[in-house]
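Participant: here is my input, please return the structure:
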Amino acid sequence: MKALRLIALTAAAGIALAGCSSTEDEPVGATTPTSGVGTPPPDTIEYFNQVVGDRVFFGTDRHDLDGGAQQTLAQQAQWLTTYGGTTVTIEGHADERGTRAYNLALGARRADSVYRFLVSQGVGSGRLKTVTFGKERPVARCSDESCWSQNRRAVSVVAGAPSS
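Facilitator: Now for the predicted structure:
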């Protein structure tokens, strides 16, 4: 009986750990879209966040958009063009290294890079606003590259009900 309980607990732990992986572990570029069973309808904010991708990542002390980030932002622009009843707040973030003032400025430059790209893709500037959080809102907390790479990001937060 004790052995069966141990096997059940071991299996449950394995299943729980398998669900812990995240696309945010990618150091630079875009998140990997999901597809298949359970995919939200395309006209939802959940679809934007999960399938289109709501965030892009940056290198250390960088605010330029690499190819993966540009691809994700092009998909964002396409979705935003299709669903015009939405607005977006672009949040700029930085990792913990550097001063508060430096990271606020870097977060602002990252958000501005995303803003300029989306506008260049035809998204109306009146639908977009930017905000910087610098290092104040990390998604991962540790003092090494595995966390820093997740925190160097810009996140597009959609508001409003999508309408086509």
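Participant: please make it C-alpha for all contacts and neighbour counts, starting now.
Facilitator: Noted.
Participant: scan the chain for its longest helix.
Facilitator: Longest helix of the chain, by residue count under DSSP state H: helix 100-120.
Participant: same for the helix or strand just after that one, what does it pack against?
Facilitator: Using DSSP states H and E, the next helix or strand after helix 100-120 towards the C-terminus is strand 128-134. Judged by 3 or more C-alpha pairs under 8 Å, 6 or more residues apart in numbering; DSSP states H and E, the packing partners of strand 128-134 are strand 87-93, helix 100-120.
Participant: would you tell me what the next helix or strand after strand 128-134 is?
Facilitator: Per DSSP H and E, the helix or strand that comes after strand 128-134 is helix 145-151.
Participant: what about that next one, distance to the chain center?
Facilitator: 13 Å (C-alpha atoms, centre = their mean, to the nearest Å).
Participant: again, but for stretch 76-91
Facilitator: Remark: stretch 76-91 is offset 14 Å from the chain centroid, using C-alpha atoms, centre = their mean.
Participant: leaving out chain neighbours, which residue sits closest to the residue nearest the centre of the chain?
Facilitator: A centroid search over the chain (C-alpha atoms, centre = their mean) returns residue 55, at 2.3 Å, as the residue closest to the centre. Nearest non-adjacent residue to residue 55, counting by C-alpha to C-alpha, 6 or more residues apart in numbering: residue 155, 4.3 Å away.
Participant: just the mean pLDDT for stretch 61-68, thanks.
Facilitator: Stretch 61-68 carries an average pLDDT of 98.
Participant: quick one on the thing from earlier: find the helix or strand that the residue nearest to residue 55 is a member of.
Facilitator: Going by DSSP H and E, residue 155 is in strand 153-159.
Participant: so what touches that strand?
Facilitator: If you take C-alpha atoms under 8 Å, 6 or more residues apart in numbering as the criterion, strand 153-159 is touched by 45, 54-58, 86-94, 107, 110-111, 114.
Participant: so where's this structure uncertain?
Facilitator: Within the chain, the ranges that satisfy pLDDT under 70 run 1-37.
Participant: show the end-to-end separation of stretch 139-151, please.
Facilitator: 6 Å (C-alpha to C-alpha, to the nearest Å).
Participant: against residue 112, how distant is the residue nearest to residue 108 when sequence neighbours are not counted?
Facilitator: Computed as C-alpha to C-alpha, 6+ apart, the closest residue to residue 108 that is not its neighbour in sequence is residue 132, at 4.9 Å. With the distance defined as C-alpha to C-alpha, residue 132 ends up 9 Å from residue 112.
Participant: fine by me, thanks again.
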